[in-house]
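K.L.:
One predicted model, sequence on top.
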Amino acid sequence: MTDALWPEDTEVQWIDDIEDSARNLELEVILGQAVAKGEIRPLIRIWRSALSPGIGVSRRDVASLQGEQAMEQLKQDGWDVVVRTTGGTAVPQGQGVVHLSYLFPRNHRKATTDAYYRLLCLPLIDWLGTLGLKASTGALLGSYCDGTYNILVDGKKLVGTAQAWRGGLAGVSSSRPGYILAHACLVVDVDMVAAAERINRFYAASGNDYRVDAATTTTLRTLAPNRFTGMTPLEAANSVAREWVTWYGALLAAQASSRS
């Protein structure tokens with residue numbers, strides 16, 4: 001698949017800090033800013049959620065005092081709550097979740113968010129096809145962090161996506177070089193009933209009427225159980241991360257070959 005939005009020198013790396021959930025998210029900003037300034041190459045970052053089960057919320061979710069208090073209440077109850085840089089509503093986090101982030105310099109003036117969502121989703125749909133799963137994109141009422149570019153399998157949500165554009169056009173001459181973050185969250189092995197309960201508890205405590213329905217979601221272990229036989233949630237997530245390093249490495253090699 002050839003697409004002009006792929007930066008020619010993009011590389012893929014597995015970079016995470018699963019012992020520190022805040023640091024894990026902070027790396028998105030650190031790496032994105034480094035890409036924007038040309039300090040590192042455009043990056044496909046593969047990473048796992050931190051070890052502690054919990055949820056990831058947006059800055060808007062905790063912008064009010066009641067939202068902050070809801071976050072602190074969940075933390076006191078033993079759940080990890082992290083504030084992510086992209087928008088949307090709360091998403092599940094924990095050992096069985098794997099993330100994919102494109103961190104590209106913001107240098108395509110005519111590019112659209114839809115174009116970057118397609119660039120994010122199509123390779124994932126192709127990869128799911130190698131597991132015998134037929135996936136598509138679409139909205140699904142009641143699913144966590146619902147959006148047009150959910151990745152669905154068998155009518156249920158498997159992957160959530162989000163996007164953020166930071167700063168201006170990248171380059172050393174820019175006063176505020178920017179980057180584009182396109183992010184996908186794959187639920188490999190998570191108790192989605194418990195995750196939905198945590199999300200709904202957060203919004204109830206926030207005074208927000210938004211709720212999610214666990215019945216709208218699925219996991220990769222549910223869809224491909226033989227793929228993870230005998231694995232813990234963390235081991236299952238690790239196996240997906242390793243496979244993605246190889247998958248996206250091959251994709252980038254094909255892109256380079258098509259340009260030569």
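P.N.:
Good, I have the coordinates.
K.L.:
Only the buried residues of stretch 138-158, if you could.
P.N.:
140, 143-147, 149-153, 156-158 (16 or more other CB atoms under 10 Å). For glycine as for every other residue, the C-beta is placed from the backbone atoms N, C-alpha and C.
K.L.:
Would you format those residues as JSON lines with secondary structure and pLDDT included?
P.N.:
Shown next, in JSON lines, are the buried residues of stretch 138-158 (DSSP: H, G, I helix; E, B strand; the rest coil; pLDDT from 0 to 100):
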{"residue": "L140", "secondary structure": "coil", "pLDDT": "96"}
{"residue": "S143", "secondary structure": "coil", "pLDDT": "95"}
{"residue": "Y144", "secondary structure": "coil", "pLDDT": "94"}
{"residue": "C145", "secondary structure": "coil", "pLDDT": "92"}
{"residue": "D146", "secondary structure": "coil", "pLDDT": "93"}
{"residue": "G147", "secondary structure": "coil", "pLDDT": "93"}
{"residue": "Y149", "secondary structure": "coil", "pLDDT": "97"}
{"residue": "N150", "secondary structure": "coil", "pLDDT": "97"}
{"residue": "I151", "secondary structure": "strand", "pLDDT": "98"}
{"residue": "L152", "secondary structure": "strand", "pLDDT": "98"}
{"residue": "V153", "secondary structure": "strand", "pLDDT": "98"}
{"residue": "K156", "secondary structure": "strand", "pLDDT": "97"}
{"residue": "K157", "secondary structure": "strand", "pLDDT": "97"}
{"residue": "L158", "secondary structure": "strand", "pLDDT": "98"}
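K.L.:
Among these, which one sits closest to A254?
P.N.:
For the buried residues of stretch 138-158, the residue nearest A254 by CB to CB is I151; the value is 21.3 Å.
K.L.:
Ignoring the adjacent residues along the chain, who's closest to that closest one?
P.N.:
V159 (3.6 Å; CB to CB, 6 or more residues apart in numbering).
K.L.:
State the helix or strand in which the one you found lies.
P.N.:
strand 156-166 (DSSP states H and E).
K.L.:
same thing with S101?
P.N.:
Assigned by DSSP H and E, S101 falls within strand 97-105.
K.L.:
contacting residues for W244?
P.N.:
W244 is in contact with V12, I46, V98, L100, W127, counting by CB atoms under 8 Å, 6 or more residues apart in numbering.
K.L.:
Could you do R201 as well?
P.N.:
Contacts of R201 (CB under 8 Å, 6+ apart): L74.
K.L.:
so after the host helix or strand of it, what's the next helix or strand?
P.N.:
Using DSSP H and E, R201 sits within helix 192-206. The helix or strand immediately downstream of helix 192-206 is helix 220-223, counting by DSSP H and E.
K.L.:
Show me which positions of the very next helix or strand once past that next one end up buried.
P.N.:
Sequence-wise, the next helix or strand downstream of helix 220-223 (DSSP H and E) is helix 233-259. For helix 233-259, the neighbour count (16+ other CB under 10 Å) marks 233-234, 236-238, 240-241, 243-244, 247-248, 251-252, 255 as buried.
K.L.:
Dig out what the nearest residue to S101 once chain neighbours are set aside forms beta bridges with.
P.N.:
Excluding the flanking residues, the one nearest S101 by CB to CB, 6+ apart is R45, at 4.2 Å. Beta-bridge partners for R45, by DSSP bridges, are Q13, S101.
K.L.:
Spell out which residues sit in contact with I18, please.
P.N.:
I18 makes contact with N24, R48, S49, A50, L51, Q95 under the criterion CB under 8 Å, 6+ apart.
K.L.:
any idea how far W47 is from it?
P.N.:
8 Å (CB to CB, to the nearest Å).
K.L.:
Next, show the common contact partners of these two.
P.N.:
With CB under 8 Å, 6+ apart, I18 and W47 have common neighbours N24.
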